[in-house]
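Participant: let's see this in three dimensions:
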Amino acid sequence: MIELEKAVQGLNPPQREAVLHTQGPLIVLAGAGSGKTKMLTSRIAYLIESCGVAPYQILAVTFTNKAAQEMRERVASYLQSFTNQPEIGTFHSVCVRILRREAEKTPFTQPFVIYDDGDQLSLIKSVLRKLNLDEKTTNPKAIQGSINRFKCDATEPHEIKPASNRYDEEKLKLIYTHYQQELFANNAVDFGEILCMTYRLLRDHPEIRKRYQDRYRFIHVDEYQDTNRVQYLLLSLLARTDFGGHKNICVVGDEDQSIYKWRGADIRNILDFETDYPGAKLVKLEQNYRSTQTIISAASHVIKNNLKRKNKTLWTENPQGLPISRIQFPDERAEAETVVSEIKKLCENEGYAFEDFAVFYRTHAQSRQFEDVLRREKILYKIVGGLRFYDRKEIKDVLSYFKVIMNPQDSVSLKRIINVPGRGIGKVTLDKIEELASLGGGFWGALQQAAQDPSVTSGGTARKLAQFVALIERLIREQPRLKLSELYHLILDETGYIRDLKSENSIEASTRVENLQEFDTLLQEFEEDQLKNLGEEEAVLKKKELLPLFLEQSTLVTEVEGQKDFGRGVSLMTLHSSKGLEFPAVFLVGMEEGLFPSLRIWEEEDPEAIEEERRLCYVGMTRARERLYLFHVSVRRIWGNISYQEPARFFTEIPDEFMEFRDLTYGASEKSSASSWNHSGSYSGYSSGGQPHSVKKPASLGARTATPVLQEESFIGQKLDHPDYGMGSVVFLEGAGEDKKLTIEFRGRQKKKFLYKYLKAYLED
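Facilitator: Predicted structure coming up:
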C-alpha cells in the first residue's frame, strides 16, 4: 500500500484535493500549464495502491494516442509492483475493444474492419453511383462531412427529419441510409460509427450496459471540454445514476481552451457538468507552472471577457518576465522578415535554439511568407499539423497545370491533373492511353489520339478526353499573352477548381480555397518583382518568360537542405494545432480583424463565434514560457486582394502595463538591412522586389497606407449604396482618369473591385 504522503508528494493543495476525492462525481477545471496530467496519474495510482481498487475497474479516456501513451507510462511508473494496469486509451480505442468483445450484438457476421477517411469517401462514391447521382451535383466530400457531423451527434438516418420541400435534405437522408447499409454489408465501421455503435450497444442492451458499469467503476476523462454529443452520451450511460451508473466520474478540462467546435466539440458538456451530476465536487487548478507572470496576467485579462466560462483565474509564482512585444508592420512581408530577424538575434546573442521558437497563425495559408524567409536564411523549420505550402495538394495541382502548359510532354503532371477536378476519367482509361503511348508518341500524343478515336476507349470517354485536350490546348495558346496571375485565374475558371471545393462545404475545402487565394498573392508579388521598371514593350516580352521562371523558382525552393529532420527547427502551425504544446518563445502573427479573429464571426452572425476566437487567442498566448510577440500589419495582401487591416479587438483587452507597443509602419529609413529597428522606432524593410522602401503616412488615411501610391485620396472612406451589394465604403484606389479602380468593402468585410466610371452615381457626396 502506498502511503498517503507518497501519493500526493509534490502536489499543490488543489491537486491534492482532487486526488483524495475518490467517491462521487468530480470536475477539475485545469487552467493552462497547471499540472493536470500529474494530478490525473497520481489519482489513478492512489485509487489502486491506497484505496484497493482493482486496476481493471479504472477507465481513463483522452483524445490522442500520444496523450494516452504518456498517461500509461506515468501510471506504470507509479505501479511498478502491479502486473495489471488500468484501461487507458482514446475514446475510439476503448470503444473498439468493447465492440470486439460484444461482437455477437453487432450487425457483423465476422470481425469488422475500420475504414479511414479515404475508404469512407470511396464507399460514398460507390453509393452515389448505385443511386445514379452525379458527383458533379452531389459532392462526395460534402456528403462525407454531413455524415460525420450526424455521427458526432449520434444521429441515425431514420432520425433525420428533412424540412418540407427540401430535396437536398431528402437526398442526404437517402444517401446516408444506403451508406450505412453498405458499411455494414462490408463488415466495416468508420471512425464516427465506432462511437455511435458503442453508444447504441449500451443504450439498447441493459445487461451489457450493467456489465460495463460494474467493470468501469472509476472513470476519468481528460480534455472534457473537447467532447462531442456522442461521447457525452456514452459517458452518461456508464456513469449517471439515472442509467444505473455509480457516479464515480472525474472529468478534467478547461472551458477556456474549448477551440474545436468546428469538429463537433460542445462546450456545454463541461459547463453543465454540475447540472448533469448534482452534488459534484468542483476543484480548480489555477496555478500555472509554465509561463511568466506577465504572460499569464495578459492572457487572463483577455479570456475574462468571455461570458460562457467558469469563474477561474490563472496565477503563477514564476518571475514577472519581459513585457509582451506588440508590433504593427506595414505589410506581411515586413512581419515575416522581423520574425526571422528576431529569431536569429536571440539564437546568436542569448543562447536560444531554433526549436525554441514557434510561429502561430490563424490559417495555413499564412505560412508561406514565413517559409520563404526561413528558406532564404537557410533556417530549419517544420510545419506542425499541416504540409509546407508548396507540398499541399491544391498547390501541386496548380503547378502541374503550369508544367503541362509549358511542356505537354510532361506525362507525370498530365496524369496528375487529367481527372482534377473530377472528369470521370479513371484508371482503366489511363491504362489504355498508357498502352497506346508505349507504341510511340508519348502520353500527350496518345491522349490526343484517344480523344479523336472512340475505339481506344469508348464514345463517352473519348468526349471527356477531347474536352480535356481542348482545355489544355487553349491554355497553351493563351499563355504567351497573359500575366501569370491571369493564366492562373483562367485555369481556375475553366476547370471549376474553386467552385468544386466550395461545394464541399467543409473545413478542409475552405482551407484549400484559402491556400489557392494565397497562391494568387504569391503570383502577383512574383510578377511585380519581374516586371518592375520595364517599359511597355519589354513587359510584353517578359510576360512570355514568367511561366518558366516561376516554375524554376518554385521547384528550387521546395528542395530545402535538412528539411527531412522534423525534430528540429522553428515550428510553424495554426493556433488550433498549438494546443497542448509549449515553447520558450512564441510569435502570434496576423492579429487583425477579419483574419484573427476570423471573418466567420461576421459571416455566420454567431454571437458565440467571437468567444471561441478569444479562447483561441488565450490558448496561443499561454503556449509561451518566456517571450511572447503579438504582431499585426496595416496592409495585408491576402487571398489576392490588398486589404487595410484593423488591429484585433483582443489588444484592447490587454492592459498597457503588460505590453510594449511599437508602430513600425511609418517613417521608415532606407537602411540596407531588412527588418531593422532604428533609434527613432521606425521600420526599414524590403518591398516584394527586394529593394528598400519607405512607407509614408498619407494625410487622408490617418494610420493606414498601402502601395501602389494612392491618387485622389479623398475617395478613401467614401460611402456608397450599391444596388446589388448594399452599403459599402471605399478602401483602396488605383489607376487614374477613366481607368481608376475602386475597391469597396461591403458588409461582412466582403471586398469587390469596380471601375470608378460605373460607380459615380452611387458615391455619396
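Participant: contacting residues around the residue nearest to Tyr277 when sequence neighbours are not counted?
Facilitator: In space, and not counting its chain neighbours, Tyr277 is closest to Pro25: 3.7 Å by C-beta to C-beta, 6 or more residues apart in numbering. No exception for glycine: its C-beta is placed from N, CA and C like everyone else's. By C-beta atoms under 8 Å, 6 or more residues apart in numbering, the contact list for Pro25 reads 239, 247-250, 273, 277, 279-281.
Participant: ranking those residues by neighbours, who comes first?
Facilitator: Cys250 (29 neighbours; other C-beta atoms under 10 Å).
Participant: just to revisit the earlier point, helices - which of the contacts of Pro25 land there?
Facilitator: 239, 273 (DSSP state H).
Participant: distance to Glu377 and pLDDT for the contacts of Pro25 - can I get that in TSV?
Facilitator: Formatted as TSV, the contacts of Pro25 follow (distance: C-beta to C-beta, whole Å; pLDDT from 0 to 100):
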residue	distance to Glu377	pLDDT
Ala239	54	94
Lys247	57	91
Asn248	55	94
Ile249	51	96
Cys250	48	97
Phe273	49	94
Tyr277	54	94
Gly279	59	93
Ala280	53	95
Lys281	53	96
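Participant: quick check: chain neighbours aside, which residue is closest to Asp356?
Facilitator: Pro584 (4.3 Å).
Participant: that neighbour: neighbouring residues, count only.
Facilitator: Pro584 has 15 nearby residues by other C-beta under 10 Å.
Participant: that one falls within a strand, correct?
Facilitator: Yes - the assignment for Pro584 is a strand, going by DSSP: H, G, I helix; E, B strand; the rest coil.
Participant: returning to what we had before: from the contacts of Pro25, which is closest to Phe550?
Facilitator: Phe550 has its nearest neighbour among the contacts of Pro25 in Phe273, at 55.0 Å by C-beta to C-beta.
Participant: which residues of the stretch 251-400 of the chain fall in strands?
Facilitator: Using DSSP state E, counting those that start in this stretch, the strands of the stretch 251-400 of the chain run over residues 281-285, 324-329, 357-361, 381-384.
Participant: same for the second one, what does it pack against?
Facilitator: Applying 3 or more C-beta pairs under 8 Å, 6 or more residues apart in numbering; DSSP states H and E, one finds that strand 324-329 contacts helix 293-303, helix 332-350, strand 624-633, strand 659-663.
Participant: let me have those in CSV, adding mean neighbour count as columns.
Facilitator: Below are the helices and strands packed on strand 324-329 laid out as CSV (neighbours: other C-beta atoms under 10 Å):
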stretch, mean neighbour count
helix 293-303, 23
helix 332-350, 20
strand 624-633, 24
strand 659-663, 14
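Participant: which one of these lies closest to Lys125?
Facilitator: helix 332-350 (39.0 Å).
Participant: show me where the stretch 501-650 of the chain dips below the pLDDT cut-off.
Facilitator: 539, 552-553, 555-567, 602-605, 638-641 (pLDDT under 70).
Participant: please enumerate the strands of it.
Facilitator: Counting by DSSP E, counting those that start in this stretch, the strands of the stretch 501-650 of the chain are 570-574, 583-588, 624-633, 635-638, 641-644.
Participant: which parts of stretch 9-21 are buried?
Facilitator: Of the residues in stretch 9-21, 11-12, 14-21 count as buried by neighbour count, 16 or more other C-beta atoms under 10 Å.
Participant: which other residues reach it?
Facilitator: Stretch 9-21 is touched from outside by 7-8, 26, 28, 35, 38-39, 42-43, 46, 250, 281, 283-287, with contacts defined as C-beta under 8 Å, 6+ apart.
Participant: pull the distance from that stretch to the chain's centre.
Facilitator: From the chain centre to the centre of stretch 9-21 is a distance of 36 Å (C-alpha atoms, centre = their mean, to the nearest Å).
Participant: next one: stretch 312-329
Facilitator: The answer for stretch 312-329 is 26 Å, by C-alpha atoms, centre = their mean.
Participant: reformat the helices and strands packed on strand 324-329 as JSON lines; add distance to Ala462.
Facilitator: Shown next, in JSON lines, are the helices and strands packed on strand 324-329 (distance: least, C-beta to C-beta, whole Å):
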{"stretch": "helix 293-303", "distance to Ala462": "61"}
{"stretch": "helix 332-350", "distance to Ala462": "47"}
{"stretch": "strand 624-633", "distance to Ala462": "52"}
{"stretch": "strand 659-663", "distance to Ala462": "63"}
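Participant: nearest to Pro548, out of those?
Facilitator: Nearest of the helices and strands packed on strand 324-329 (C-beta to C-beta): helix 332-350, 24.6 Å.
Participant: tell me what angle that closest one forms with strand 583-588.
Facilitator: Per axes from the mean of the first three to the mean of the last three C-alpha atoms, to 10 degrees, the angle that helix 332-350 makes with strand 583-588 is 160 degrees.
Participant: and helix 332-350, C-alpha only, in CSV?
Facilitator: Extracted C-alpha coordinates of helix 332-350, given in CSV (Å, rounded to 0.1, in the frame of the first residue of the first chain):
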residue,chain,number,x,y,z
GLU,A,332,3.0,40.8,-44.1
ARG,A,333,6.5,40.7,-45.7
ALA,A,334,7.8,43.0,-43.0
GLU,A,335,6.1,40.9,-40.4
ALA,A,336,7.8,37.7,-41.7
GLU,A,337,11.2,39.4,-42.0
THR,A,338,11.1,40.7,-38.5
VAL,A,339,10.1,37.3,-37.0
VAL,A,340,13.1,35.6,-38.6
SER,A,341,15.4,38.5,-37.7
GLU,A,342,14.4,38.3,-34.1
ILE,A,343,14.9,34.5,-34.0
LYS,A,344,18.4,34.9,-35.5
LYS,A,345,19.2,37.6,-33.0
LEU,A,346,18.1,35.6,-30.0
CYS,A,347,19.9,32.5,-31.2
GLU,A,348,23.1,34.4,-31.7
ASN,A,349,23.1,36.6,-28.6
GLU,A,350,21.1,34.8,-25.9
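Participant: so which elements touch it?
Facilitator: Applying 3+ C-beta pairs under 8 Å, 6+ apart, we find helix 332-350 packed against strand 324-329, strand 357-361, helix 367-376, strand 583-588, strand 624-633, strand 635-638, strand 683-686.
Participant: quick check: angle from that helix to strand 357-361?
Facilitator: 160 degrees.
Participant: in the stretch 151-300 of the chain, what spans have low per-residue confidence?
Facilitator: 164-167.
Participant: okay, now Phe63: neighbour count?
Facilitator: The number of residues packed near Phe63 is 19, by other C-beta under 10 Å.
Participant: with adjacent residues omitted, what lies nearest to it?
Facilitator: Glu223 (5.3 Å).
Participant: then Thr292?
Facilitator: Going by C-beta to C-beta, 6+ apart, Thr292 has Gly321 as its nearest residue, at 2.6 Å.
Participant: shaky segments in the stretch 1-150 of the chain?
Facilitator: For the stretch 1-150 of the chain, the ranges with pLDDT under 70 are 1-7, 81-83.
Participant: what's the answer for the stretch 351-500 of the chain, then?
Facilitator: 386-388.
Participant: returning to that earlier point: determine which two of the buried residues of stretch 9-21 are furthest apart.
Facilitator: Pairwise distances across the buried residues of stretch 9-21 (C-beta to C-beta) peak at 15.0 Å, for the pair Asn12 and His21.
Participant: returning to what we had before: I'd like the helices and strands packed on helix 332-350 as TSV, with distance to Val96 appended.
Facilitator: Formatted as TSV, these follow (distance: least, C-beta to C-beta, whole Å):
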stretch	distance to Val96
strand 324-329	45
strand 357-361	34
helix 367-376	35
strand 583-588	34
strand 624-633	37
strand 635-638	42
strand 683-686	54
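Participant: perfect, that will be all.
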